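> Need a 3D model of the sequence below.
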Amino acid sequence: MWTETAGARWAFTRRAEGNLALHVGDEPADVLTRRVRLAESAGCAGFRFMDQTHSDVVVGVEGEAPSISPETGTPRDPVSADAMTSSSTPLGVLVADCLPVLFIAVGPRGEAVRVAAAHAGRAGVLNGILGKTVEALRSAEPEAQIRAVIGPAVCAGCYEVPEEMAADAEHAEPGIRARTRWGSPSLDLKGAARRQLERLGVEVTDVGVCTVASSAHSSHRRDPGSGRIAGLIVPPAGPSAAAARAWHADAENPTEERA
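I've put the predicted structure just below:
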């Protein structure tokens with residue numbers, strides 16, 4: 001499941017790994033157990049997730065993922081953002097059609113010196129969240145070369161939108177307008193994301209999976225009650241796996257993260 005690039009490990013989950021979001025109907029304890037299993041498989045203590053709001057906010061985080069408060073059932077140090085960067089913290093982004101984009105900043109010696117995880121739906125692609133993530137990485141690591149991986153997300157052939165929305169998006173981001181497989185207006189979020197990143201000198205890889213077309217992946221558009229899959233990335237300096245189970249041991253009814 002895990003791929004290694006310059007010492008950083010990354011992966012995109014499928015429905016087989018279960019719903020990983022705390023806000024779409026599953027028992028929180030079940031969600032947290034799945035997260036712990038993924039952390040153990042990656043050899044880390046846990047993943048930091050965001051309260052995703054379709055914003056253009058990028059936050060730098062360090063240290064271990066936050067514990068869960070038994071009083072409120074929520075993370076003790078929640079992050080409200082749509083992208084995070086870190087040199088030491090394993091990061092996670094939740095999606096079910098929006099783009100999960102993972103970043104690796106590779107230093108002069110060929111090692112990953114910082115990573116990032118970004119959530120980019122239509123609003124995020126249009127408001128520049130990906131470019132702001134690149135800016136944050138370069139601010140922290142000016143000499144690094146940046147690589148990005150676009151994970152499973154809705155493709156242009158499946159992302160039908162109203163004509164007015166397609167026209168407005170094209171005005172804001174030329175080239176994003178497309179057609180569905182059946183000929184109606186659509187948006188090509190993946191193509192727009194790739195162009196934005198390549199203009200900034202980022203090396204881009206797309207895993208080539210459409211969540212709507214793939215029954216192996218969660219899709220809110222195909223199934224509104226669908227859970228969330230995740231993009232996960234672990235920097236080389238991530239904390240050990242020793243605390244993986246203790247991390248969520250006191251969780252009762254946590255609620256966080258939106259995708």
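> where does the spatially most central residue of the chain land in three-state SS?
Nearest residue to the geometric centre of the chain (CA atoms, centre = their mean): residue 93, 3.0 Å. Secondary structure state of residue 93, per DSSP: H, G, I helix; E, B strand; the rest coil, is strand.
> Residue 117 now?
Three-state assignment for residue 117 (three-state DSSP): strand.
> Same question for residue 114.
Applying three-state DSSP: residue 114 is strand.
> How about it, nearest residue that isn't a chain neighbour?
Spatial nearest neighbour of residue 114, excluding adjacent residues (CB to CB, 6 or more residues apart in numbering): residue 105 at 4.2 Å. All C-beta atoms are positioned from the backbone trio N, CA, C, and that covers glycine.
> The residue nearest to the centre of the chain against residue 117, yeah?
Yes. Taking contacts as CB atoms under 8 Å, residue 93 lies within contact range of residue 117: 4.3 Å.
> List the residues that are in contact with both of the two.
Overlap of the contact sets of residue 93 and residue 117 (by CB atoms under 8 Å, 6 or more residues apart in numbering) consists of 100, 101, 102, 231.
> element containing residue 193?
Element membership for residue 193, per DSSP states H and E: helix 189-199.
> Repeat that for residue 138.
With DSSP H and E as criterion, residue 138 is part of helix 129-140.
> Tell me which residues of that helix come out buried.
129, 130, 131, 132, 133, 134, 136, 137, 138, 140 (16 or more other CB atoms under 10 Å).
> again with stretch 152-162
Across stretch 152-162, burial judged by 16+ other CB under 10 Å covers 152, 153, 154, 155, 156, 157, 158, 159, 160, 161.
> export the shared contacts of residue 93 and residue 117 to JSON lines and tack on distance to residue 2 and neighbour count?
What follows is those, written out as JSON lines (distance: CB to CB, whole Å; neighbours: other CB atoms under 10 Å):
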{"residue": "100", "distance to residue 2": "15", "neighbour count": "29"}
{"residue": "101", "distance to residue 2": "18", "neighbour count": "30"}
{"residue": "102", "distance to residue 2": "12", "neighbour count": "26"}
{"residue": "231", "distance to residue 2": "12", "neighbour count": "26"}
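> picking that back up, give me the packing partners of the helix holding residue 138, helices and strands only.
Applying 3 or more CB pairs under 8 Å, 6 or more residues apart in numbering; DSSP states H and E, one finds that helix 129-140 contacts strand 58-60, strand 83-86, strand 99-106, strand 112-120, strand 145-150, helix 189-199.
> closest to residue 235 out of the ones you listed?
When these are ranked by proximity to residue 235, the top entry is strand 112-120, at 4.7 Å, counting by CB to CB.
> what's the model's confidence in the helix or strand just after the closest one, averaged?
Counting by DSSP H and E, the next helix or strand C-terminal to strand 112-120 is helix 122-127. On average, the pLDDT along helix 122-127 is 97.
> circling back: tell me the gap between the helix holding residue 193 and the middle of its chain.
Offset of helix 189-199 from its chain centre (CA atoms, centre = their mean, to the nearest Å): 16 Å.
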